[in-house]
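A.B. asks: Got a predicted structure plus its sequence, pasted below:
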Amino acid sequence: EALPGGQTRRLGRVETTPAALRAFAATLGRDDAVALEATINTFAVARLLEEHAGRVVVSNPMRTRAIADAKIKTDKVDAAVLAQLLLADFLPGVWKPDETTRALRRLVGRRAHIVRQRTRLKNQVHAILHRNLIQACPATDLFGVRGRAWLQALDLPVDERDSLESYLRVFDLLTEELLSADRACARLAGARAEVRRLMTVPGIDYAVAMALVAAIGDVKRFRSPLRLVSYLGLDPRVRQSGNQPAMTGLHITKVGRAHARGMLVEAAWAVRRSPGPLRAFWERVRARRGPQIAAVALARKLAVLAWHLLTREEDYHWARPALVAAKYRRLDLQAGAPPRRGQRGVAAAYWSTSTARDRDRDSGAAAEAAYRKLTATWSSQPRRATQKDVAAATGERLVGALPGRVAELASPSSALLHEVDHVPGHPRPRRGRA
């Protein structure tokens, strides 16, 4: 408990059981405020405390510098720091999702966990082949029918054969679990308009759309697309010191929800194969910076595009109608909808004939050509730092807004800075020669 004057009083430790938490919550009143660190069960604890406390703040410990940068980090010290910051109203709180968003995040996390486990098993099988100097499988899919037959015919040591069969049995079990998770995701995705809206973008299927919707939650909490980009960790790190221009574009921050960021990068690699303005953007960046940076830049653009689509409640303007219909139909079948055999719809025409696919791709190609024409006159060389950029980094741009003598003293080129010999922690000003 924080007291006026910077003092704290220790009230004891509360067990994280429902009975103990309810007993502690019963001692709180509407005038009390409680601070919690974000962890796996924080929102469940907050839900119990909110029934009695007037205010419950969930803090991100990595964003609270008094905790993240502390030399001594214990539960007692962290609790005292949280209480003092909360009393001074200096404790930034994280957004608390509702129960629907939390359930969606759990479902997306469950599917992502199964995918990671299957990937680890695949790597173990490839490691067995590599240890025994076995060349690549002639089949396209090592874990398909032809690939399994090829694996069974291999001459392996007894222990390696037992390991291989064990990995394949667990892989088959996880495949069934993945199908079950996909059906649950598809049923939930089909009922959400924002998921179907994001699926109008080429390269984004229901899995990517679900990951984005789960990570974003209420899109209105992001006042601009740049805030969403920063939340997903796709904004560049900035390094600036002294009067030098800011260094940006070296690496992204990689903070926030890593799964949604990874899904956007995977979607970017798929978008580059579909004709449209997004592919033209990827090729333009790739020509200057390489494919890896181009994929990350395209993932950032997809995040910006998702913000606009969800905020305006509009579909993607350059969507390919036949492809979108095919993705919607695949989503319905994944959710358990009965097949309509013999009924020729837009989705069936897309997959059965190449003419329909070519006609559908022509609209995207026209938009891609328009984008290339627009950017043809843009410089292919990186823009040099100008005096305006240096002013933005050093604060000189704000000097004009300050009144009179204050502006003169705040200017880095004022006589005040040149009359002192040196200020510790700041670069020495260069003196001109007559």
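C.D. replies: That came through fine. This structure is a prediction, so every number in the text was calculated from the model and none was measured.

A.B. asks: can we go C-alpha only for contacts and neighbour counts from here?
C.D. replies: Will do.

A.B. asks: Against residue 161, how distant is residue 199?
C.D. replies: In this view, residue 199 and residue 161 are 43 Å apart by Cα to Cα, to the nearest Å.

A.B. asks: So between these two, which is more surrounded?
C.D. replies: Legend: neighbour count by other Cα atoms under 10 Å for residue 199 and residue 161, higher for residue 199 (25 against 16).

A.B. asks: The more buried one and residue 324 touch, don't they?
C.D. replies: Yes. Between residue 199 and residue 324 there is a contact under Cα atoms under 8 Å: 7.1 Å.

A.B. asks: how many neighbours does residue 279 have?
C.D. replies: Neighbour tally, residue 279, other Cα under 10 Å: 23.

A.B. asks: got it, and residue 338?
C.D. replies: Residue 338: 9 neighbours (other Cα under 10 Å).

A.B. asks: Need the per-residue pLDDT for it.
C.D. replies: At residue 338, the model reports a pLDDT of 83.

A.B. asks: Also residue 315?
C.D. replies: Per-residue pLDDT puts residue 315 at 93.

A.B. asks: three-state assignment of it?
C.D. replies: Residue 315 carries the three-state label coil when classified by DSSP: H, G, I helix; E, B strand; the rest coil.

A.B. asks: Next up, the contacts around the residue nearest to it when sequence neighbours are not counted.
C.D. replies: Distance criterion Cα to Cα, 6 or more residues apart in numbering; nearest residue to residue 315, sequence neighbours excluded, is residue 197 at 5.3 Å. Residue 197 makes contact with 309-310, 313-316 under the criterion Cα atoms under 8 Å, 6 or more residues apart in numbering.

A.B. asks: Check those for burial and list the buried ones.
C.D. replies: For the contacts of residue 197, a burial check counting by 16 or more other Cα atoms under 10 Å picks out 309-310, 315-316.

A.B. asks: can you put those in CSV and add distance to residue 282?
C.D. replies: Shown next, in CSV, are the buried ones among the contacts of residue 197 (distance: Cα to Cα, whole Å):
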residue, distance to residue 282
309, 20
310, 23
315, 21
316, 18
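
A.B. asks: Can you tell me which of those residues is nearest residue 24?
C.D. replies: residue 310 (40.6 Å; Cα to Cα).

A.B. asks: related to what we said a few turns ago, can you list the contacts of residue 197 in JSON lines and add distance to residue 235?
C.D. replies: Shown next, in JSON lines, are these (distance: Cα to Cα, whole Å):
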{"residue": "309", "distance to residue 235": "20"}
{"residue": "310", "distance to residue 235": "20"}
{"residue": "313", "distance to residue 235": "24"}
{"residue": "314", "distance to residue 235": "25"}
{"residue": "315", "distance to residue 235": "25"}
{"residue": "316", "distance to residue 235": "23"}
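
A.B. asks: Of these, just say which sits nearest to residue 280.
C.D. replies: Of the contacts of residue 197, the one sitting nearest to residue 280 (Cα to Cα) turns out to be residue 316, at 16.3 Å.

A.B. asks: if I pick the closest one, what's in contact with it?
C.D. replies: By Cα under 8 Å, 6+ apart, the contact set of residue 316 is 197-198, 200-201, 309.

A.B. asks: What segments of the stretch 1-150 of the chain are strands?
C.D. replies: Per DSSP state E, counting those that start in this stretch, the stretch 1-150 of the chain carries strands over the ranges 2-3, 7-8, 33-37, 55-59.

A.B. asks: got the CA positions of the third one in PDB?
C.D. replies: Provided in PDB are the C-alpha atoms of strand 33-37 (Å, rounded to 0.1, in the frame of the first residue of the first chain):
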ATOM      1  CA  ALA A  33      -7.000   1.400  -6.800                       C
ATOM      2  CA  VAL A  34      -5.000  -1.800  -7.500                       C
ATOM      3  CA  ALA A  35      -1.900  -2.300  -9.800                       C
ATOM      4  CA  LEU A  36      -1.000  -5.600 -11.400                       C
ATOM      5  CA  GLU A  37       1.900  -6.700 -13.600                       C
END
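
A.B. asks: List of residues touching that strand?
C.D. replies: Residues from elsewhere that reach strand 33-37 (Cα under 8 Å, 6+ apart): 42, 46, 53-61, 82-83, 86.

A.B. asks: Right, I'll leave it there.
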